[in-house]
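Asker: Provide a 3D model corresponding to the input given below.
(3 chains)
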Amino acid sequence: MDTVNLTIDNKTVVVKKGTTILEAASGVGVHVPTLCHMKLDDLNIENKPGGCRICVVEVEGRRNLAPACCTDVYEGMEVSTHSVRAINARRTVM
Amino acid sequence: MTKIKSPADLKRIKNEVLLRNGLLENSNKSEQVIQIKVGMATCGIASGAKEIMKYFIEECDQLAVDANIKQTGCLGYCYAEPMVEVTVPGAEPKVFGYVDNKKVQEIIEKYIIQGEKVEGEIPISFRTIND
Amino acid sequence: MTDTKKQLRIALRNCGLIDPEQIEDYIAQDGYFALGKCLTELTPEIVIEEIKSSGLRGRGGGGFPTGLKWEITKNVKNEQKYVVCNADEGDPGAFMDRSILEGDPHSVLEAMAICGYCIGANTGIIYIRAEYPLAIARLKTAIKQAEEYGLIGDNIFDSGFNFKIEMRYGAGAFVCGEETALIHSMEGLRGEPTVKPPFPSVSGYMKKPTNVNNVETFASVPVIINKGASWFNKIGTEKSKGTKVFALAGKINNVGLVEVPMGTTLREVIYEIGGGIMNGKEFKSVQTGGPSGGCLTKDFLDTPIDYDNLIAAGSMMGSGGMIVMDEDDCMVSIAKFYLEFTLEESCGKCNPCRIGNKRLHEILTKITEGNGTVDDIERLKVLSNVIKDTSLCGLGQSSPNPVLSTIANFGDEYLAHVKDGKCPAGQCKSLLRYDIVEDLCTGCTLCFRNCPVGAITGERRLPHFIDQSLCIKCGVCFEKCKFDAITLT
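Answerer: From the prediction side, this is the model:
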């Protein structure tokens, strides 16, 4: 299985290709708040419309903020989940 | 209709049309007719191009002017709609804007029949890909 | 070739020249020659290489290199692929796509077939708004004629290449100009955007690889094939090649469509081609890029127009609307007007766009009604930046642009509204005040008789007065007064 190396809040993470930022972050204990993202493992239901924009995080080199729940990771990605920009945006969106 | 199966077929059709419109070197000059193109995009129609075209056809019939009147798209001079382009054999095409019924008569009687200058001509301000 | 001819028509080359309902007319202008050349002489790789080296970029607004898009779609492996033509033109004041479809529909069909050949698609779909009935009718005629000649259909030019073109009608939602929303709308779903990636090139219509291009982009393709990429990339600036059609509108003398080479300055377009500002007024601002663009001041008049320069100036190319404003236009009201549009057109899927724009609009309304504070301007900026940062699709990401650019370029006007309670352009009615100058009023009662709300009182032959609490600032008294006794401040 292909793996991807990235950093989340300066922590190096190695995850499977096709993982979202949200999943990768929870794997290393970084909490990203969500609202519209719904995952019911028991029922095998996952709904991520990416509409609420609460989970936005800052990705190095990207023009705007990325929704963590439905953005796939890529090799060399640098994510900051709690930068001032991301937190301000989340607060305003809320 | 015969299907087009090669670029040569395309060239043949192109030549037929050009010949018909008298645009080829070897086309018969005496057979060339006056070309009148009326701008008939939504914008032209909204400002009355359909009536203008009808009037052109009627007037040309009445005055026995042999002209090929057809519709075309938008020339982009929206401020001067409705507009027509008149090509008299041997002369550069002329574009007239703000055309109404009175203007149609003026164009036919003065410009087409007598070859006089008619007010309201719009200068062509663009180059084409062939320039 | 004289200097007075600033325009160069590539996408509009046949508009106004040929009869759009006669395929032979189009063929006489070298129509379908490019398709013939591609199918009989060139491989898809060569054609894509040609488009790439021509430097053609998407004319719908984003400016993504067309050749690269075709290559990406070509390289995705799938038996079924689609070519989609985005004819969902929604920018207020822009109508170049309509003009092309009405004046030269075959150029789009030809280019779609070329694209289909390159990426390996056998179906093309034109997504067009139902508000363009004439364009739809002419496209239908064009498709029928091309099919009769075998230029669309099975085994075109005996090459074994099959291509058919269908049409889908949109209901005119602005957001459906966004690729993913457009595709959803075509599938019969709600016209809402989804997160990219996956891009339509990988998973688009019916989850198949789909290449979406704008009408104007397609219309430029046959010329590139016929005249060669090296001819095309000599036109324009370093990073933006070719020409762009602009729809000139607003307070300008020669309203209409113009097509100029990239790198032409705004001054040339507005003054030389557009004939200057109406009624000899002063130029104030030009708005490019529709509701996603920004308002540029006269300092930018000499900026050469291309994708990157416009973005650097705080606006964007957009689909090519160009709205000129003169000294009588209030920039706060303009920003408000565009927000009203985005507010209407927002699909409501993501929060920042749905609620954020509403809030922006409320603050702007507050300012134009004279209840704004200095803090409100700061609030507008913060909120605008967050909306740009967090919205899902291009509509939301660019919707605050008119606000941000008017604050940056016309900050004094905002300050005049909130600090002095004045609208410098005299557009915001709540900030106007009509008064009667006692010394000049003869008591003729003309204003009294014409006031629709009875706000004017006074005895005959004695000075009259306006009750400000009743006045609706309609300006009737101002117009009617024969003695210039009414002032407007």
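Asker: pLDDT score for the residue nearest the centre of chain A?
Answerer: Nearest to the mean C-alpha position of chain A, by C-alpha atoms, centre = their mean, lies residue A:68 at 2.5 Å. Residue A:68 is assigned a pLDDT of 91 by the prediction.
Asker: pretty sure it contacts residue A:26?
Answerer: No: using C-beta atoms under 8 Å, residue A:68 is not in contact with residue A:26; the gap is 9.6 Å. Every C-beta, even on glycine, is put in place using the N, C-alpha and C of the backbone.
Asker: now for the two: what residues contact both?
Answerer: Taking C-beta atoms under 8 Å, 6 or more residues apart in numbering or on different chains as the contact rule, residue A:68 and residue A:26 both touch residue A:32.
Asker: and the residue nearest to the centre of chain A, what does it touch?
Answerer: Residue A:68 neighbours (C-beta under 8 Å, 6+ apart): A:20, A:21, A:22, A:25, A:32, A:34, A:55, A:56, A:57, A:79, A:81.
Asker: show the backbone phi and psi for the residue lying closest to residue C:432 once chain neighbours are set aside.
Answerer: Using C-beta to C-beta, 6 or more residues apart in numbering or on different chains and skipping residues adjacent in sequence, the residue nearest residue C:432 is residue C:473, 4.8 Å away. The phi/psi pair for residue C:473 (degrees, to the nearest 10) reads phi 60, psi 40.
Asker: ok, residue C:473 - contacts?
Answerer: Contacts for residue C:473 were tallied using C-beta under 8 Å, 6+ apart; they are C:429, C:430, C:432, C:433, C:434.
Asker: one more time with 7 Å
Answerer: C:429, C:432, C:434 (C-beta atoms under 7 Å, 6 or more residues apart in numbering or on different chains).
Asker: same question for residue C:107.
Answerer: If you count contacts by C-beta under 7 Å, 6+ apart, residue C:107 has them with C:14, C:219, C:222.
Asker: list the buried residues in the host helix or strand of the second one.
Answerer: Here residue C:219 sits within helix C:215-227, counting by DSSP states H and E. With burial defined by 16 or more other C-beta atoms under 10 Å in any protein chain shown, the residues of helix C:215-227 counted as buried are C:215, C:216, C:217, C:218, C:219, C:220, C:221, C:222, C:223, C:224, C:225, C:227.
Asker: and stretch C:371-389, by the same measure?
Answerer: Result for stretch C:371-389 [16+ other C-beta under 10 Å]: buried residues C:372, C:376, C:377, C:380, C:383, C:384, C:385, C:386, C:387, C:388, C:389.
Asker: quick one: the residue lying closest to the first one once chain neighbours are set aside and residue C:349, what's the gap?
Answerer: Read that as residue C:372. Distance criterion C-beta to C-beta, 6+ apart; nearest residue to residue C:372, sequence neighbours excluded, is residue C:418 at 4.0 Å. Separation of residue C:418 from residue C:349 (C-beta to C-beta, to the nearest Å) stands at 33 Å.
Asker: so for these two, which sits in the more crowded spot?
Answerer: Ranked by neighbour count (other C-beta atoms under 10 Å in any protein chain shown), residue C:418 and residue C:349 place residue C:349 first, with 23 against 19.
Asker: and the pLDDT at the more buried one?
Answerer: 90.
Asker: wait, residue C:117 touches residue C:37, no?
Answerer: No: the criterion here is C-beta atoms under 7 Å, and residue C:117 misses it with residue C:37 at 11.0 Å.
Asker: how close does the nearest residue to residue C:37 once chain neighbours are set aside sit to residue C:397?
Answerer: Leaving aside its sequence neighbours, residue C:37 sits nearest to residue C:225 (C-beta to C-beta, 6+ apart; 6.0 Å). As judged by C-beta to C-beta, residue C:225 and residue C:397 stand 34 Å apart.
Asker: just give the number of residues close to the residue of chain B found nearest chain C.
Answerer: Chain B approaches chain C most closely through residue B:73 (1.8 Å), counting by C-beta to the nearest C-beta. Residue B:73: 28 surrounding residues under other C-beta under 10 Å.
Asker: can you give me every residue that contacts the closest residue in space to it that isn't next to it in sequence?
Answerer: Counting by C-beta to C-beta, 6+ apart, residue B:73 lies nearest to residue C:103, which is 1.8 Å off, once chain neighbours are set aside. Going by C-beta under 7 Å, 6+ apart, residue C:103 touches B:41, B:72, B:73, B:74, C:14, C:15, C:16, C:20.
Asker: now, the most widely separated pair of those?
Answerer: Pairwise distances across the contacts of residue C:103 (C-beta to C-beta) peak at 12.4 Å, for the pair B:41 and C:14.
Asker: those two: who's more crowded?
Answerer: residue B:41 (30 against 27).
Asker: for chain A, see how far away the more buried one is.
Answerer: Relative to chain A, residue B:41 is positioned 37 Å away (C-beta to the nearest C-beta, to the nearest Å).
Asker: what's that residue sitting at in phi/psi?
Answerer: phi -90, psi 180.
Asker: and the gap between the residue nearest to residue C:28 when sequence neighbours are not counted and residue B:68?
Answerer: Once flanking residues are discounted, residue C:28 sits nearest to residue B:17: 3.8 Å by C-beta to C-beta, 6+ apart. Noted for residue B:17: a distance of 12 Å to residue B:68, by C-beta to C-beta.
Asker: torsion angles phi and psi at residue C:9?
Answerer: According to degrees, to the nearest 10, residue C:9 has phi -100, psi 110.
Asker: how many other residues sit next to residue 61?
Answerer: No chain specified, so I'll use chain A. Residue A:61 has 7 nearby residues by other C-beta under 10 Å.
Asker: chain B is the one I meant
Answerer: When neighbours are counted by other C-beta under 10 Å, residue B:61 comes out with 10.
Asker: in terms of contact, does residue B:65 touch residue B:114 like I think?
Answerer: No: in this structure residue B:65 lies outside contact range of residue B:114 using C-beta under 7 Å: 11.7 Å.
Asker: the more surrounded of those two?
Answerer: residue B:65 (17 against 9).
Asker: report the contact partners of that one.
Answerer: B:34, B:108, B:112, B:113.
Asker: give me that answer again for 6 Å
Answerer: Contact analysis of residue B:65 by C-beta atoms under 6 Å, 6 or more residues apart in numbering or on different chains lists nothing.
Asker: can you classify it by secondary structure?
Answerer: Under DSSP: H, G, I helix; E, B strand; the rest coil, residue B:65 falls in the coil class.
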